[in-house]
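Engineer: Here you go, sequence then predicted model.
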Amino acid sequence: MDGILLVNKPIGLTSRQLVNSISKTLKVKKVGHTGTLDPFANGLMVVTVNKATKIAQYLEGLNKHYIAEITLGANTDTLDCTGNIVEKKGVRLPLDRDEVLKVCASFVGKIKQVPPMYSAIKKDGEELYKKARRGEVVERKERVVTIEKIDVLSITLNKIIIDVVCSKGTYIRTLGEDIGNKLGFGGFLSMLTRVGVGPYDLKQAKEVNDITLEDFIPIEEALNHLPSFKVFGKIEKMVRNGVAINIDDSNDLLVIKNAEGIALAVYRREDSNLYRCERGLL
């Protein structure tokens, strides 16, 4: 029972609670995920089981796809609908559609974000959201993220629904507040659904209680977004033992497979054609 599962996380459940539920349902201990979803959000989570927990780091970097609703006219301490309002502002209605489109388009590309206090980032060994609940505020470093696209799907009164594709590490809550602030009205997320992760779509996901063995995606398939290289005989034995090998290739990362197509390890290029084992998969 090794592989990844595409699961639809319901609203109200934490990512950890979802993982624990799957662990209990499948009666397996090694279960993880490749990207947190806030309790107020729902949608696609890529869950790793048993040996597939070894490949989580190679799935975390996949682009994420979200549908989000921004409510204008207020800012909250959590940047979403679960928090306390810290500032209210009037909203001029009807909203100027051209201005909304212009402001949203200004966030496409590489942008800088300050992670919210209500996040799982750790400071001094403790998650920031725990500090935030005690009223503490700590300095957070800006990070560069990439917004691949923002499409405005609808504008209704003081609510904007956007379709966002973005890089790993993007906080959609922060994006929502930033868009609201740039419009001059403030804003917070009132709905968030993750509809895609890399090549995977929410339509493929199962509810937790509906998961079966047939829903597992093998490790080899889960790593299809990375280039691969097949080895045989003596070289396969070296790979199984984590020995560095010479490969005539230019990719930084390679999934090393044997003749049967079984993923043995992930190797990283160190120098010229020398590749060293970064992660064994057996």
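Structural biologist: The structure has been received and is ready for your questions. Residues are numbered from 1 along each chain as shown.
Engineer: Buried residues in whichever strand or helix holds Ala56, which are they?
Structural biologist: Per DSSP states H and E, Ala56 falls inside helix 56-59. For helix 56-59, burial by neighbour count (16 or more other Cβ atoms under 10 Å) applies to 56, 58-59. Bear in mind the C-beta positions are built from the backbone N, C-alpha and C, glycine included.
Engineer: Assign Lys131 to helix, strand or coil.
Structural biologist: Three-state secondary structure (criterion: DSSP: H, G, I helix; E, B strand; the rest coil) places Lys131 in helix.
Engineer: so where do the helices sit in the stretch 151-282 of the chain?
Structural biologist: Secondary structure of the stretch 151-282 of the chain by DSSP state H, counting those that start in this stretch: the helices cover 172-183, 219-222, 233-240.
Engineer: okay, these in a markdown table with mean neighbour count and distance to Ile4 next?
Structural biologist: Shown next, in a markdown table, are the helices of the stretch 151-282 of the chain (neighbours: other Cβ atoms under 10 Å; distance: least, Cβ to Cβ, whole Å):
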| stretch | mean neighbour count | distance to Ile4 |
| --- | --- | --- |
| helix 172-183 | 22 | 23 |
| helix 219-222 | 18 | 5 |
| helix 233-240 | 15 | 22 |
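Engineer: Now for Leu95, how many residues are close by?
Structural biologist: Residues within reach of Leu95, counting by other Cβ atoms under 10 Å, total 18.
Engineer: re earlier: which of the buried residues of helix 56-59 sits closest to Val145?
Structural biologist: Leu59 (17.5 Å; Cβ to Cβ).
Engineer: Would you check that the closest one makes contact with Gly3?
Structural biologist: No. Between Leu59 and Gly3 there is no contact under Cβ atoms under 8 Å: 11.8 Å.
Engineer: Adding mean pLDDT and distance to Leu93, write the helices of the stretch 151-282 of the chain out as TSV.
Structural biologist: Formatted as TSV, the helices of the stretch 151-282 of the chain follow (pLDDT from 0 to 100; distance: least, Cβ to Cβ, whole Å):
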stretch	mean pLDDT	distance to Leu93
helix 172-183	97	12
helix 219-222	96	47
helix 233-240	97	63
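Engineer: Would you mind giving the ones you listed as TSV with distance to Asp151 added?
Structural biologist: Listed next are these as TSV, based on distance: least, Cβ to Cβ, whole Å:
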stretch	distance to Asp151
helix 172-183	13
helix 219-222	28
helix 233-240	44
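Engineer: Which of those sits closest to Met117?
Structural biologist: That would be, of the helices of the stretch 151-282 of the chain and by Cβ to Cβ, helix 172-183, which comes in at 10.8 Å.
Engineer: about what we covered before: who wins for proximity to Gly90 among the helices of the stretch 151-282 of the chain?
Structural biologist: Of all the helices of the stretch 151-282 of the chain, helix 172-183 sits nearest to Gly90, with 12.0 Å by Cβ to Cβ.
Engineer: just the buried residues of helix 56-59 now: which is nearest Arg269?
Structural biologist: Nearest member of the buried residues of helix 56-59 to Arg269, counting by Cβ to Cβ, is Tyr58, at 15.1 Å.
Engineer: Report the contact partners of the closest one.
Structural biologist: By Cβ atoms under 8 Å, 6 or more residues apart in numbering, the residues touching Tyr58 are 223, 226, 253, 266, 279.
Engineer: possible to save these as JSON lines with distance to Ile121 and neighbour count?
Structural biologist: Listed next are the contacts of Tyr58 as JSON lines, based on distance: Cβ to Cβ, whole Å; neighbours: other Cβ atoms under 10 Å:
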{"residue": "Leu223", "distance to Ile121": "27", "neighbour count": "21"}
{"residue": "Leu226", "distance to Ile121": "27", "neighbour count": "16"}
{"residue": "Leu253", "distance to Ile121": "26", "neighbour count": "16"}
{"residue": "Val266", "distance to Ile121": "26", "neighbour count": "22"}
{"residue": "Arg279", "distance to Ile121": "24", "neighbour count": "16"}
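Engineer: from those, which is closest to Glu142?
Structural biologist: Scanning the contacts of Tyr58 for proximity to Glu142, where the rule is Cβ to Cβ, the winner is Leu253, at 27.4 Å.
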